[in-house]
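>>> From the sequence below, what's the structure:
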Amino acid sequence: MPRAATPAIAALLAAGVPHEVLQYHHDPRAESYGEEAVEALARDTGVEPAQVFKTLVIALPRGLGVAVLPVPARLSLKAAAAALGVAKATMAEKAAAERSTGYVLGGISPLGQRRPLPTVVDASALRFERVLCSAGKRGWDVALAPQDLVRLTSAVTADICA
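Okay, the predicted model is just below:
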């Protein structure tokens with residue numbers, strides 16, 4: 001088997017999960033990695049913006065967690081904290097997020113992270129046959145069934161959009 005390009009893709013291959021890797025041109029000057037992905041993927045593949053999910057690392061009272069939600073949506077930190085069973089959450093610092101996940105900002109995937117973190121996926125993912133999330137590299141996304149995303153990340157699902 002050829003070596004996977006990223007830990008996220010390696011995790012999908014190891015689990016035998018059907019998926020499709022989608023690449024688009026990443027502009028290093030882009031200010032919003034998620035919006036850049038939505039624009040490119042909606043144009044090139046016809047997916048709805050709400051099918052493209054971003055991965056946000058959040059700071060919890062004891063460690064870090066992950067919130068996965070549609071790019072166009074805003075995260076409710078209160079709802080994410082409640083879903084993960086803690087009193088509160090804040091956005092994690094960039095360095096802490098990168099160190100913990102093993103990915104760079106703009107390429108953080110919920111899959112194949114260095115250390116598995118408590119994860120919540122927005123319940124809207126379950127409305128779709130497939131969702132897209134980072135494949136672990138800027139300009140790379142992976143399309144997969146939302147049930148597989150939830151299973152592989154041991155996530156809970158909840159309404160976490162503000």
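>>> C-alpha from now on. contacts and neighbour counts both.
Will do.
>>> What residues does A15 make contact with?
With contact taken as CA atoms under 8 Å, 6 or more residues apart in numbering, A15 is in contact with no other residue.
>>> what's the spacing between stretch 138-148 and its chain's center?
8 Å (CA atoms, centre = their mean, to the nearest Å).
>>> Let me know the average pLDDT across it.
Stretch 138-148 comes out with an average pLDDT of 96.
>>> What's the end-to-end length of that stretch?
Length of stretch 138-148, first residue to last, CA to CA, to the nearest Å: 22 Å.
>>> If you count neighbours, what's buried in the lowest-mean-pLDDT helix or strand in the chain?
Least confident element among the helices and strands of the chain, by mean pLDDT, DSSP states H and E: helix 33-45 (a mean of 88). Along helix 33-45, the positions that meet the burial threshold by neighbour count (16 or more other CA atoms under 10 Å) are 33-41.
>>> Setting aside sequence neighbours, what's the nearest residue to H19?
Taking CA to CA, 6 or more residues apart in numbering, and ignoring the residues beside it in sequence, H19 has L144 as its nearest neighbour in space, at 4.8 Å.
>>> what helix or strand does the spatially most central residue of the chain sit in?
Ranked by distance to the mean C-alpha position of the chain (CA atoms, centre = their mean), the top residue is T55 at 3.2 Å. T55 belongs to strand 53-60 when assigned by DSSP states H and E.
>>> Format the CA atom coordinates belonging to the helix or strand just after that strand as PDB.
Remark: after strand 53-60, the chain's next helix or strand is strand 63-70, criterion DSSP H and E. Extracted C-alpha coordinates of strand 63-70, given in PDB (Å, rounded to 0.1, in the frame of the first residue of the first chain):
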ATOM      1  CA  GLY A  63      -6.900  20.100  28.100                       C
ATOM      2  CA  LEU A  64      -8.100  20.600  24.600                       C
ATOM      3  CA  GLY A  65     -11.100  19.500  22.500                       C
ATOM      4  CA  VAL A  66     -12.200  19.700  18.900                       C
ATOM      5  CA  ALA A  67     -15.300  21.200  17.400                       C
ATOM      6  CA  VAL A  68     -16.200  20.300  13.800                       C
ATOM      7  CA  LEU A  69     -18.800  22.600  12.200                       C
ATOM      8  CA  PRO A  70     -19.900  24.000   8.800                       C
END
